[in-house]
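Peer 1: show me how the following folds:
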Amino acid sequence: KVLGLFGQSHMEYEVDRDTEQGGQPSLTEMTRQAINRMKRSDNGFILMIEGGRIDHAHHANRAKMALEETIELENAVKAALEMTEREDTLIIVTADHGHAVTMSGYPERGNPILGFVKNIERGNFVNNTENQAQPYTTIGYANG
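Peer 2: Predicted coordinates for the structure are as follows:
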């Protein structure tokens, strides 16, 4: 049996993670290590890998962090697919809930997803109730 604890609380976000020797491993690295160890069993295994920081980033309205964490989860799933046999492996990727991330306004094709909306007709701004120009982001968090 093996237990790996790599922080006092949550793991660091992928973009903040110390990648040097002795730093925290990535989700992909932990996935590879876990599968290598568990493959030693003749009885098969069940392994759960969670990209929990995606949710944490969304709750903090940090879209870039959520997207980076999603990419790292995708890399971990790719690693699992590469290291297992399709005939005897079931991989399920799911979420326990989602978040209301929206695309605001009418961004032009090629608009930076993490930047401000660039609209040829209106520039980078919308007018507020006092008719003052204000920039707005492409991605927003909204319910309704």
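Peer 1: from now on I want contacts and neighbour counts done on CA atoms only, so please keep to that.
Peer 2: Fine.
Peer 1: what are the ranges of the helices in the chain?
Peer 2: For the chain, the helices defined by DSSP state H occupy 27-38, 53-59, 63-83.
Peer 1: where exactly do the strands run in the chain?
Peer 2: With DSSP state E as the criterion, the chain has strands at 101-103, 125-127, 133-135, 139-141.
Peer 1: now the third one: average pLDDT?
Peer 2: Read that as strand 133-135. Average pLDDT, strand 133-135: 76.
Peer 1: quick one: closest of the strands of the chain to residue 85.
Peer 2: Residue 85 lies closest to strand 101-103 among the strands of the chain, at 35.3 Å (C-alpha to C-alpha).
Peer 1: contact partners of that closest one?
Peer 2: Around strand 101-103, the neighbours that count as contacts under C-alpha atoms under 8 Å, 6 or more residues apart in numbering are 138-142.
Peer 1: average pLDDT across it?
Peer 2: Mean predicted confidence for strand 101-103 is 85.
Peer 1: how far does that strand sit from the chain's center?
Peer 2: Put simply, strand 101-103 sits 15 Å off its chain's centre (C-alpha atoms, centre = their mean, to the nearest Å).
Peer 1: tell me which strands it pairs with, and in which orientation.
Peer 2: strand 139-141 (antiparallel) (DSSP bridges).
Peer 1: distance across stretch 11-25, terminal residue to terminal residue?
Peer 2: Terminal residues of stretch 11-25 lie 9 Å apart, using C-alpha to C-alpha, to the nearest Å.
Peer 1: of all the residues in it, which ones are buried?
Peer 2: Within stretch 11-25, the residues that count as buried by 16 or more other C-alpha atoms under 10 Å are 11, 13-14, 24-25.
Peer 1: swap in stretch 137-144?
Peer 2: Using 16+ other C-alpha under 10 Å as the test for burial, stretch 137-144 gives 137-139.
Peer 1: output it as PDB, nothing but the C-alphas.
Peer 2: C-alpha atoms of stretch 137-144 as PDB (Å, rounded to 0.1, in the frame of the first residue of the first chain):
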ATOM      1  CA  THR A 137     -13.900  40.200 -20.600                       C
ATOM      2  CA  THR A 138     -14.700  37.400 -23.100                       C
ATOM      3  CA  ILE A 139     -15.400  34.800 -20.400                       C
ATOM      4  CA  GLY A 140     -17.600  35.600 -17.500                       C
ATOM      5  CA  TYR A 141     -19.300  33.700 -14.700                       C
ATOM      6  CA  ALA A 142     -23.100  34.200 -14.700                       C
ATOM      7  CA  ASN A 143     -26.300  32.500 -13.600                       C
ATOM      8  CA  GLY A 144     -29.800  33.400 -14.600                       C
END
